[in-house]
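>>> Next comes the sequence, and after it the predicted model I'd like to discuss.
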Amino acid sequence: MRCAQVYRWQITMDAGVVLRDRRLKTRDGLFIHLRDDVREGWGEISPLPGFSVESLEEATAAACGWAREWRAGYGDLLPGLPSVDFGISCALAELRGSLPQAADYRAAILCTGDPDELFAALAAMLGEKVAKMKVGLYEAVRDGMVANLLLEAMPDLRLRLDANRAWTPLKAQQFAKYVNPDYRDRIAFLEEPCKTRDDSRAFARETGIAIAWDESLRDADFTFEREEGVRAVVIKPTLTGSLEKVQAQVTAATQLGMTAVISSSIESSLGLTQLARIAAWLTPETIPGLDTLSLMQAQLVRRWPDSPLPCHSVETLEALL
Ligand SMILES: O=C(O)CCC(=O)C1=CC=C[C@@H](O)[C@@H]1C(=O)O
Ligand SMILES: [Mg+2]
């Protein structure tokens, strides 16, 4: 006997969370819960404003429509909206027992560039010291100085940087000018430095700073290729689609010698714990980019280990079916 439910939720974000130049005051999304006799599975469907192509309203209609089909015995085809396909495929994988339980709860520490704050967080980090810092919000010279300071102050630090395509070639060069060439190999990668892929490729060649594709994976003309200076791809499953599609992208990148990084789209604790399991399963050698729970004021249904945030149960959520 099949049962299906779709829950809508809203989490208040900490002050100051900015996405694509707009303040994110709340994170809104859905959970899908499937039961088939004694087996059950959960999935998160939370399109990210400014990054997802689908709206929450479109995702809600698609998720509810699919859930009604599935509980009536159909639902073999996924709706085709990335966040919905991802959430449904996770719920089906849990129900079928094909999403491993083992999780990689390590995370590249999201940092603001405050050395003291980062010092403390890295000191507590076991194993590889990896942090991620957003650049491109302030002057490129400042970003270069801050990155250089962190790398100089912490010799065992590897930095992931992310410009979200903010820079012109000139701004990118201004950034690089302030990063000591001796430290550049400890920049694990700089995600999307420039507005175009060609400018980003030129930046990598000219500066020796490795880059990574993130937004580019969702460009219609994107293909996985071995390219000079392109060291990694950042895969955001909520923006990608089904688990099968995520697995195919990890395989394509790995076969080309690139690092595949499973990254958050600022999901709830339920979604983040599933991403931690996906990372352990598909990218066991790579620290995932999942350090976004601290941007939120609560957890939902499933806890992230050691998070002090209150966790609200499913009974507090709005059932839509
Ligand atoms: O990748 C990580 O380490 C954390 C997630 C992260 O950096 C992002 C999530 C969503 C949008 C952006 O703010 C940013 C990114 O572009 O990678
Ligand atoms: Mg990015």
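Looks like it came in fine. Ligands and ions are numbered 1, 2, ... in the order given.

>>> so residue 168 sits right up against residue 196, yeah?
No - counting by Cβ atoms under 8 Å, residue 196 is not a contact partner of residue 168; they are 9.9 Å apart. (Glycine included, C-beta is placed from N, CA and C.)

>>> confidence score at the residue nearest to residue 229 when sequence neighbours are not counted?
Nearest residue to residue 229 in three dimensions, chain neighbours excluded: residue 204, at 2.7 Å (Cβ to Cβ, 6 or more residues apart in numbering). pLDDT for residue 204: 98.

>>> All the strands of the stretch 1-150 of the chain, in order from the start?
2-12, 18-19, 22-23, 26-36, 39-45, 109-111, 129-134 (DSSP state E, counting those that start in this stretch).

>>> and the closest residue to ligand 1 within the chain, how many neighbours does it have?
Nearest to ligand 1 in the chain, going by Cβ to the nearest ligand atom, is residue 289, at a distance of 2.4 Å. The local packing of residue 289 (other Cβ atoms under 10 Å) involves 24 other residues.

>>> Likewise for residue 100?
Neighbour tally, residue 100, other Cβ under 10 Å: 12.

>>> ok, residue 67 - contacts?
Counting by Cβ atoms under 8 Å, 6 or more residues apart in numbering, residue 67 touches 4, 5, 6, 32, 34, 75, 321.

>>> Assess the claim that the fourth one and residue 40 are in contact.
No - shown here, residue 32 and residue 40 do not form a contact pair, counting by Cβ under 8 Å, at 11.1 Å.

>>> and the protein, which of its residues are near ligand 2?
162, 191, 214 (Cβ under 5 Å from the ion).

>>> at 6 Å what do you get?
Listed as neighbours of ligand 2 in the chain under the rule Cβ under 6 Å from the ion: 162, 164, 191, 214, 234.

>>> Next, give phi and psi for the fourth one.
Dihedral angles phi and psi of residue 214 (degrees, to the nearest 10) take the values phi -130, psi -80.

>>> Not counting its neighbours along the chain, what's nearest it?
residue 234 (4.0 Å).

>>> distance of residue 96 from residue 9?
Going from residue 96 to residue 9 by Cβ to Cβ, to the nearest Å gives 25 Å.

>>> The two: which has the busier surroundings?
More crowded of residue 96 and residue 9, by other Cβ under 10 Å: residue 9, with 22 against 12.

>>> Quick check: nearest residue in space to that one, chain neighbours excluded?
Of all residues not flanking residue 9 in the chain, residue 317 sits nearest, at 5.1 Å (Cβ to Cβ, 6+ apart).

>>> Got the phi and psi for that neighbour?
Taking degrees, to the nearest 10 as the convention, residue 317 sits at phi -90, psi 160.

>>> Test my guess that it contacts residue 30.
No - here residue 317 lies out of contact with residue 30, judged by Cβ under 8 Å, at a distance of 9.3 Å.

>>> Could you tell me which residues touch both of the two?
With Cβ under 8 Å, 6+ apart, residue 317 and residue 30 have common neighbours 7, 8, 9.

>>> hmm, back to that, what subset of the contacts of residue 67 is buried?
If you count burial by 16 or more other Cβ atoms under 10 Å, the buried members of the contacts of residue 67 come out as 4, 5, 6, 32, 34, 75.

>>> any idea how far residue 37 is from the last one?
Which is residue 75. From residue 75 over to residue 37 (counting by Cβ to Cβ), the distance is 16 Å.

>>> what does the third one give?
Applying Cβ to Cβ, one obtains 20 Å for the distance of residue 6 from residue 37.

>>> Residue 69: how many residues sit nearby?
Around residue 69 there are 15 residues (other Cβ under 10 Å).

>>> Residue 209 reaches residue 177, doesn't it?
No - the pair residue 209 and residue 177 fails to qualify as a contact (Cβ under 8 Å) at a distance of 11.4 Å.

>>> More neighbours: these two, which one.
More crowded of residue 209 and residue 177, by other Cβ under 10 Å: residue 209, with 24 against 13.

>>> May I have the secondary structure class of that one?
When classified by DSSP: H, G, I helix; E, B strand; the rest coil, residue 209 comes out as coil.

>>> So what does it look like in phi/psi?
According to degrees, to the nearest 10, residue 209 has phi -90, psi 120.

>>> tell me the contacts of it?
Taking Cβ under 8 Å, 6+ apart, one finds 176, 179, 184, 187, 190, 193, 203, 229 in contact with residue 209.

>>> Residue 23 now?
The neighbours of residue 23, taking Cβ under 8 Å, 6+ apart as the test, are 16, 17.

>>> if we go to 10 Å?
13, 15, 16, 17 (Cβ atoms under 10 Å, 6 or more residues apart in numbering).

>>> now swap in residue 9 and tell me
26-31, 44, 46, 268, 270, 298, 300-301, 312, 314, 316-318.
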